[in-house]
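In: Output the structure for:
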Amino acid sequence: MKKILSLLTVLIILLSTSAIAQSIQLKGKVIDEAKTAVSDVTVYLSAAKDSTLIQYASTDAAGLFSMDINAVNEPSFLTLSFIGYQDHVEKFEKLIESKDLGNITMKADSDLLSEIVIVTDAPIRVKNDTLEFNAKSFKVRPDANVEALLKELPGVEIDADKKITVNGKEVTQILVNGKPFFNEDGSIALQNLPADLIKKVQITDHKTKGEEFSGRRAKSDNTSINLTIDEENNKGLMAKLMAGIGSMVDDKNRYESSGLLNYFKGERKISILASSNNINSTGFSMDEIFDNMGGGRSQMFSFGGRSGGPGGFGSSTGITRTNMIGANYSDEYFKDFETNVSYYLNDTQNKNNNRSRVVNLLPDGDFITESESARTNNNINHNGNARIEYKINPTTKIFINPSVTANKNEFESKRSSKSMDANDNLFNESNENSFATANSFTFKNALQFNKKLNDKGKNFSLKFNNSNSKTTGIGHTNSITKFYQDNATDDVRNQQENTRSTADTYSLTAEYSQPISKTSYIDFGYSLDYDQQTDVLETYNFNENSNNFTDLNGALSNQTQTNIVTNTPYVGINYDNDKLNWYVNSGVNIANYNADAYYLNINYGVDKKFVSPYVQASFRYKFDKSKNFSFRYNYNVSNPSVMQILNYKRLNDPLQTYVGNENLDQAKYHAVNFGYRNFDFQTRSGWSIFFNGNYYTSQIVASTIFDENRKRTTTYENIADAYSTNLYANWNKSYKIDEHTIRYGLGGRISYGKQRAFANGVLYNANELSFAPNVYTSWDYGDVLSIAPSYNLSYNNTNYTNLQFDKTNYLRHNVMVQTTTYWPENFTWGNDFSYTYNGNIADGFKKDFFMWNTAVSYAFLNKALTAKVKVYDILNQNTGTSRVIGTTTIVDQENTVLERYVMFSVTWKFDQFGNGGAKGKGRGNRMGPHSMRTTREL
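Out: Numbering: from 1, shown residues only. The predicted structure is shown next:
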């Protein structure tokens with residue numbers, strides 16, 4: 001912990017020192033011709049030579065503004081802009097000292113009085129807590145998408161993983177005209193909407209539905225982006241279709257195809273998307289360079305259903321074939337009644353071969369488990385979702401979000417393993433063939449009612465959530481497990497398992513807010529949660545006489561049921577002004593926990609009442625629009641599962657027996673996180689630092705006993721004094737020199753924690769330190785060339801106490817270079833090249849590999865049609881090896897990966913909006929003095 005705090009102090013000093021510069025201030029007061037203060041006037045400073053935005057501010061209720069900047073040694077314009085007034089411009093030859101501009105008079109726009117409206121929109125406006133960019137003021141390629149537009153906006157950064165930040169704050173929601181475009185993360189809109197279609201980019205804090213309606217400031221530290229399309233262009237059709245056929249691999253051609261169709265007309269939007277491929281693209285992507293090809297910059301949009309399942313389906317291992325189709329419809333049937341309905345179908349197949357070597361760490365000696373497996377997983381998922389918002393009147397609004405999911409999963413596996421000591425003396429050996437199928441259906445709904453009781457902040461809200469699911473399954477297992485020590489009997493199984501389970505949860509929260517001043521209010525709330533789960537497992541042995549699975553195996557069959565009712569009354573106090581925002585919620589959490597099991601004709605039961613404090617606290621201080629500090633604290637509890645608390649034996653795994661502990665308490669821990677952000681708009685540089693940590697006063701951990709054959713028997717205990725901490729830091733800078741745009745930055749994560757558990761009756765500690773720095777840069781030369789190199793390092797060191805193995809470590813290097821050229825005209829050539837080195841991995845596993853993907857395309861027919869050739873893994877070196885260090889295990893493994901292939905594809909694009917369509921519209925009306933303004937030189 002001392003190391004973390006020392007490093008935190010050093011980082012703050014270094015980053016603060018790097019931000020020191022000669023700081024000056026511009027301030028003044030804006031009035032109209034009647035000498036009345038004018039609020040919400042956008043004030044921005046821009047360079048005279050190229051109109052680059054240097055800094056911005058807005059006037060408060062008294063018409064006052066102030067702007068902190070570094071010295072400017074070149075001519076610049078200070079522009080004041082507000083609808084209804086002529087723009088006012090102050091010109092400076094240089095700014096090397098603070099200036100008080102005194103009263104600045106804004107003149108009324110006479111054209112408005114004569115009903116002739118000439119819009120000379122400022123490149124940036126500040127409206128309350130919303131920052132708005134005029135999209136037409138930023139230059140992008142004529143065929144650019146929204147992602148390219150966002151990269152040009154000051155303060156917006158998009159990293160190699162497509163993570164978007166604005167002034168250092170992460171973007172978690174992207175809307176189009178205030179509504180989701182398929183999904184709230186906005187990935188489809190970023191890749192597929194043309195930049196020319198966008199009128200405004202509005203950036204604000206991400207608010208909940210209740211915060212949006214009540215007008216409260218957002219409690220979230222994240223950001224929301226809304227892309228607006230003006231009325232003229234908000235009608236039309238957009239389509240994009242792609243199809244590709246690839247080389248033969250394992251007697252099958254690689255292939256990919258995708259399509260997107262969008263229809264706009266006012267508030268109505270109809271969208272259809274589809275995709276089919278066998279190149280590991282499990283979502284939807286139409287990346288302009290690599291389409292669906294993974295392994296580089298292409299990012300997927302995922303939706304509809306649950307990943308996971310037997311064998312880890314949904315992970316990045318193996319080769320996946322995907323067929324999917326989705327549709328979305330949104331409309332406003334009448335005023336203030338908005339609907340959004342969607343349906344998705346996913347059909348996936350995943351195949352993977354795995355080879356692993358696991359070192360199991362024990363107090364009295366280690367042992368090794370080597371295994372090989374081959375699995376196939378087929379999954380069909382249907383998902384329907386609706387979002388309905390109805391503003392009944394100016395003071396009342398309801399939100400309804402029902403969804404249904406139907407899932408069918410089939411899983412087939414062959415697996416063999418053996419465990420031995422360092423001298424290859426066997427403990428056990430097993431071979432297993434299994435097949436399982438499961439069908440599930442889930443209905444969820446979220447209902448929210450918000451009522452404004454007055455205009456001063458008195459509100460009432462009611463939230464109701466439910467989730468009801470049912471799953472049935474059948475599985476077959478044919479296995480033999482041999483034991484080589486202590487003359488133990490081998491375990492032979494040929495069985496069928498029938499499973500049935502239900503899960504029903506309901507949650508009701510009522511909250512009343514009472515203002516006590518203009519900046520503070522009190523919340524009174526009550527939450528009621530109900531959780532019921534049932535599970536039935538029936539295992540039948542194979543009967544050779546009937547040639548069927550008819551003999552019930554009582555030792556491997558059971559029935560369980562859990563009922564948990566939780567009551568949480570609470571009261572909260574909130575303070576909120578332009579600079580400071582804090583709140584404290586406190587109450588009591590009362591959980592009535594009842595669990596029952598029926599096993600071998602015996603009833604097992606637990607009936608407990610858990611009482612714990614409910615505490616949430618937050619503190620945020622905004623030094624200015626780009627510097628802020630935040631702090632959060634939560635006291636959290638979680639209930640033990642039915643497997644952990646009921647003390648009967650689960651013998652379904654020949655090598656692992658589970659026994660619950662009826663004396664278990666809840667898991668209880670303190671969670672703290674704080675952070676500081678600082679983004680200098682003028683120098684386009686920013687840094688941030690964040691810390692989070694959890695400290696357990698009661699943690700539920702495994703207590704495992706290994707017998708002579710290394711067969712495990714696991715129960716559960718409560719222990720204290722475990723913790724985890726994480727420190728994140730990032731610094732980035734960007735600047736433009738003529739046609740050159742350069743961005744660079746560095747970041748990192750440091751984690752330190754202590755995990756505790758029992759092995760063979762001995763309490764051990766695992767103290768883990770991990771360090772993951774990264775450095776990145778990019779250079780864009782106009783619309784011609786882009787180069788983006790990056791380097792990532794991951795280091796893990798774990799020290800153990802009370803285990804025979806005292807420590808282990810792991811080091812991973814990754815270097816990547818991404819290049820894109822748009823020359824000659826109509827040609828595009830993209831390359832993703834990387835080198836990965838896995839240090840300390842066990843012998844027999846490949847340690848390093850190069851990965852090179854390339855794509856060349858040519859656009860013709862006015863760029864409506866694009867032909868493309870792509871090669872995945874040109875050097876044919878891709879490998880699926882990795883090392884994972886667990887609390888008591890060191891796992892080296894290798895999984896199936898895609899091999900080299902060539903893909904030929906054709907993409908067709910069509911879009912027409914408004915009267916003449918969005919294609920070919922001009923961009924790049926650069927920021928600077930507009931035609932209608934009052935100007936003076938200083």
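In: Could I get the buried residue list for stretch 744-757?
Out: Buried residues in stretch 744-757, defined by neighbour count with 16 or more other CB atoms under 10 Å: 744-745, 747-757. In this view, the C-beta of every residue, glycine as well, is placed from N, C-alpha and C.
In: and the gap between Gly210 and Gln448?
Out: 7 Å (CB to CB, to the nearest Å).
In: Quickly list what's touching both of those two.
Out: Residues touching both Gly210 and Gln448 (CB atoms under 8 Å, 6 or more residues apart in numbering): Ser461.
In: ok, back up a step: okay if I get the buried residues of stretch 744-757 as CSV plus distance to Phe904 and secondary structure?
Out: Shown next, in CSV, are the buried residues of stretch 744-757 (distance: CB to CB, whole Å; DSSP: H, G, I helix; E, B strand; the rest coil):
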residue, distance to Phe904, secondary structure
Tyr744, 36, strand
Gly745, 37, strand
Gly747, 38, strand
Gly748, 41, strand
Arg749, 41, strand
Ile750, 46, strand
Ser751, 45, strand
Tyr752, 50, strand
Gly753, 49, strand
Lys754, 54, strand
Gln755, 50, strand
Arg756, 56, strand
Ala757, 54, strand
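In: And those residues, which is closest to Asp780?
Out: Nearest to Asp780 among those is Tyr744, at 12.2 Å by CB to CB.
In: pLDDT score for Asn628?
Out: Listed pLDDT for Asn628 reads 88.
In: Can you show me the CA trace of stretch 340-351 as CSV?
Out: The C-alpha coordinates for stretch 340-351 follow below in CSV (Å, rounded to 0.1, in the frame of the first residue of the first chain):
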residue,chain,number,x,y,z
ASN,A,340,-38.2,2.5,-29.9
VAL,A,341,-38.7,-1.2,-30.7
SER,A,342,-36.0,-3.6,-31.8
TYR,A,343,-35.5,-7.3,-32.6
TYR,A,344,-32.3,-9.3,-33.0
LEU,A,345,-31.6,-12.8,-34.0
ASN,A,346,-28.1,-14.4,-33.5
ASP,A,347,-27.1,-17.8,-34.7
THR,A,348,-23.5,-18.7,-33.8
GLN,A,349,-21.2,-21.7,-33.8
ASN,A,350,-17.9,-21.7,-31.9
LYS,A,351,-15.3,-24.4,-32.2
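In: distance of the most centrally placed residue in the chain from Tyr837?
Out: Among the residues of the chain, Thr172 comes closest to the average C-alpha position under CA atoms, centre = their mean, at 7.4 Å. Per CB to CB, Thr172 is found 33 Å from Tyr837.
In: can you check Asn354 too?
Out: Counting by CB to CB - Asn354 and Tyr837 are separated by 22 Å.
In: These two: which is more packed in?
Out: Legend: neighbour count by other CB atoms under 10 Å for Asn354 and Tyr837, higher for Asn354 (20 against 14).
In: Identify each buried residue in the strand or helix carrying the more buried one, please.
Out: Applying DSSP states H and E as the criterion places Asn354 in strand 337-360. Neighbour-count burial for strand 337-360, counted by 16+ other CB under 10 Å, picks out 338-340, 342-360.
In: cool, stretch 265-277 as well?
Out: Going by neighbour count (16+ other CB under 10 Å), the buried part of stretch 265-277 is 267, 269, 271, 273-277.
In: Also stretch 229-236?
Out: Here stretch 229-236 shows 229, 233-236 as buried, counting by 16+ other CB under 10 Å.
In: Partner strands of the host helix or strand of Trp829, with direction?
Out: Assigning secondary structure by DSSP H and E places Trp829 in strand 827-838. Sheet pairing of strand 827-838 (DSSP bridges) gives strand 807-821 (antiparallel), strand 848-860 (antiparallel).
In: Columns distance to Thr887 on top of those, output as JSON lines?
Out: Below are these laid out as JSON lines (distance: least, CB to CB, whole Å):
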{"stretch": "strand 807-821", "distance to Thr887": "12"}
{"stretch": "strand 848-860", "distance to Thr887": "27"}
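In: Could you provide these in a markdown table, with additional columns for mean pLDDT, distance to Val701 and mean neighbour count?
Out: Shown next, in a markdown table, are the strands paired with strand 827-838 (pLDDT from 0 to 100; distance: least, CB to CB, whole Å; neighbours: other CB atoms under 10 Å):
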| stretch | mean pLDDT | distance to Val701 | mean neighbour count |
| --- | --- | --- | --- |
| strand 807-821 | 94 | 20 | 17 |
| strand 848-860 | 95 | 36 | 18 |
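In: quick one: which of the ones you listed is nearest Leu197?
Out: Closest of the strands paired with strand 827-838 to Leu197 is strand 848-860, at 18.9 Å (criterion: CB to CB).
In: tell me what the very next helix or strand once past that closest one is packed against?
Out: Next helix or strand after strand 848-860 toward the C-terminus (DSSP H and E): strand 865-872. Strand 865-872 makes packing contacts with strand 848-860, strand 901-913 when contacts are defined by 3 or more CB pairs under 8 Å, 6 or more residues apart in numbering; DSSP states H and E.
In: ok, now with 10 Å
Out: Counting by 3 or more CB pairs under 10 Å, 6 or more residues apart in numbering; DSSP states H and E, the packing neighbours recorded for strand 865-872 are strand 235-249, strand 827-838, strand 848-860, strand 901-913.
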